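[1] here you go, sequence then predicted model.
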Amino acid sequence: MFQERKAAFKTPPSAVRDTSVSQDVRRTRALEEQKRRRAERIDSTRQLDFFADLTLGPSDDEADEEEEMPGRRDARKEGISQFASMLPPSSGSVPPPAPGPIPIDAAQPASPDVSMQTQAQKRTKNGRKGKGRQDGQSKAKSNKKKPSKWADKCMYAELLEMKDGFDPSGTLHDGIPNDIETGWVAVTPIPVGKRCLAVTHQTSGIAGIVPNTTLRSRVLGKPLMKPFPSTLPPQTVLDCILDENWRDNGILHILDVVSWKGQDVADCETPFRFWWRDTRLSELSSFPPPPNAAPSEKQPSTYEFPHPTTFAPIPYHTDTSLAHLLSTLIPLTRTTRTISVTVPVPDGGEATMDLDGTTPLVQLQSIRVNVRSDGLLLYVAQATYEPGTSPLSSWVPLRAYQTHEERIQQETGHGGGSVAESPLDLFERLVKRKIAKGMGAVPEVEMAT
């Protein structure tokens, strides 16, 4: 069961894999829907509806009516003096109402004791009837937990649908967007790790010392670990990837920014969000690593991070021309990224004292760690950040993912030992074919079966 889930981790959901609607069509619809919602939000903010019926003078219809009826008197010009004779003479105080029979209910008010007793009886009766029902509802609510508000809030990319051949209609369509060179932003190399959200909250204390950051899972929004201190400002939400070896290197890879210090950045376009991410992260101050979280028997020689301490932004590239993809971005996706982190120096059981001889000084060293690549991400440049699976972001994995049946066939030898082609290799071959087609050469294609 675990292997099947792992194999289908990068594949789009069944609702997305509709053969009748291509990925390009869904991408265009999603972008138009984003533009429509943005325009509605702007109009709502400007509150144009309040000024729709505002006029500074008589309308054209009123002016035409005045021209057709020249003999009609205008009260605005003659004033209200002509109506003074119609007012009744002032006669002092207003006469009291005529006496009449007093209603029985008003003459005999209900006794307070009787009314309170009646209300108490109603309350007791309703309480006896609703007690069992309330107990049942409370048990049902306890059994059915409310989903977290952070569930499925990440912008999850669809797998780029690529074809190496002709469509059934005979058209050469490879699945690579037509505006790949002008309307897209590439993010690579995407590290291997767990997708999550980093959420900070307001705390009363020193930044970097008081726990203020929580990592939430992508699907259910559950906490991945206890809240930990960080230098991130409060009311900040970041789209992150927790490194697979975070206990050894303490790295949290920052993919995108949703909000920063209470400022909503998700409604901004992709290049601005990435620029904002890199600029704000570079302004954060650094703190020494936290105490060792390794087991006691390993502490003298091994250091483990109790929580992430290094916030490393994933590089983005606005140059997505075919030549740059082929010469730089695709080879960069296959390489291992190197990041510098700060860790304590193994003391071997001997601590260095400071000048007053009370507090041991922790010696730090900077080491370089290797981060494995998992693939390439492509974002539509004009798109905003939206939660859930979106065709406005496309995923090109570095390695092919086998299903459970394919893996069993390969292990038993019934599958012929063939391994599926890497999606990145297919992407590279299609890019080469586009370049050859642009230079006037006849591209080599395989007939789709």
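    Structure's in. What do you need? As the structure is a prediction and not an experimental result, all values here were calculated from the model. Residues are numbered from 1 along each chain as shown.
[2] what helix or strand is residue 272 on?
    helix 270-282 (DSSP states H and E).
[3] what sits up against the helix or strand just after that helix?
    For helix 270-282, the succeeding helix or strand toward the C-terminus, using DSSP H and E, is strand 310-313. The list of residues contacting strand 310-313 from outside it, by Cβ atoms under 8 Å, 6 or more residues apart in numbering, reads 230, 232, 238, 249-254, 274, 277-278, 281, 284, 339, 341-342. For the C-beta atoms, the positions are set from N, CA and C on the backbone; glycine is no exception.
[4] just the C-alphas of strand 310-313, formatted as PDB.
    Taking Å, rounded to 0.1, in the frame of the first residue of the first chain, the C-alpha atoms of strand 310-313 are listed here in PDB:
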ATOM      1  CA  THR A 310      18.600  27.400   7.500                       C
ATOM      2  CA  PHE A 311      16.000  28.800   5.200                       C
ATOM      3  CA  ALA A 312      17.300  28.300   1.600                       C
ATOM      4  CA  PRO A 313      15.400  29.700  -1.300                       C
END
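[5] what distance do you get for residue 255 to residue 428?
    As judged by Cβ to Cβ, to the nearest Å, residue 255 and residue 428 stand 23 Å apart.
[6] who has more neighbours out of these two?
    residue 255 (21 against 18; other Cβ atoms under 10 Å).
[7] any weak-confidence spans in the stretch 1-150 of the chain?
    Flagging of the stretch 1-150 of the chain using pLDDT under 70 yields the residue ranges 1-20, 47-144.
[8] what bridges to residue 237?
    Here residue 237 sits in beta bridges with residue 199, residue 259, going by DSSP bridges.
[9] what about the stretch 251-400 of the chain, any weak spots by pLDDT?
    Using pLDDT under 70, the flagged stretches of the stretch 251-400 of the chain are 297, 299-300, 347-362.
[10] again, 80 this time
    293-302, 346-362 (pLDDT under 80).
[11] what helix or strand is residue 38 on?
    Using DSSP H and E, the element containing residue 38 is helix 23-46.
[12] should've said residue 424
    Secondary structure (DSSP H and E) places residue 424 in helix 423-438.
[13] how about that helix: buried residues?
    Residues of helix 423-438 classed as buried by neighbour count (16 or more other Cβ atoms under 10 Å): 423, 424, 426, 427, 428, 430, 431, 432, 433, 434, 435.
[14] ok, the closest residue to the fourth one other than its chain neighbours - contacts?
    Distance criterion Cβ to Cβ, 6 or more residues apart in numbering; nearest residue to residue 427, sequence neighbours excluded, is residue 396 at 5.1 Å. Counting by Cβ under 8 Å, 6+ apart, residue 396 makes contact with 160, 333, 375, 376, 377, 378, 423, 424, 427.
[15] 7 Å - rerun?
    Contact analysis of residue 396 by Cβ atoms under 7 Å, 6 or more residues apart in numbering lists 160, 375, 376, 423, 424, 427.
[16] surely the first one meets residue 391?
    Put plainly, it is residue 160. No: Residue 160 is beyond contact range of residue 391, at 9.8 Å (criterion: Cβ atoms under 7 Å).
[17] where along the stretch 151-300 of the chain do the helices fall?
    In the stretch 151-300 of the chain, the helices defined using DSSP state H, counting those that start in this stretch lie at 246-249, 270-282.
[18] ok, which of these comes nearest residue 290?
    The closest of those to residue 290 is helix 246-249. By Cβ to Cβ, the value is 12.0 Å.
[19] send the alpha carbons of the closest one over as CSV?
    C-alpha atoms of helix 246-249 as CSV (Å, rounded to 0.1, in the frame of the first residue of the first chain):
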residue,chain,number,x,y,z
TRP,A,246,17.0,18.0,7.7
ARG,A,247,18.2,16.5,11.0
ASP,A,248,21.7,16.4,9.6
ASN,A,249,21.8,19.8,7.8
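[20] show me what that helix is packed up against.
    Counting by 3 or more Cβ pairs under 7 Å, 6 or more residues apart in numbering; DSSP states H and E, no packing neighbours are recorded for helix 246-249 among the helices and strands.
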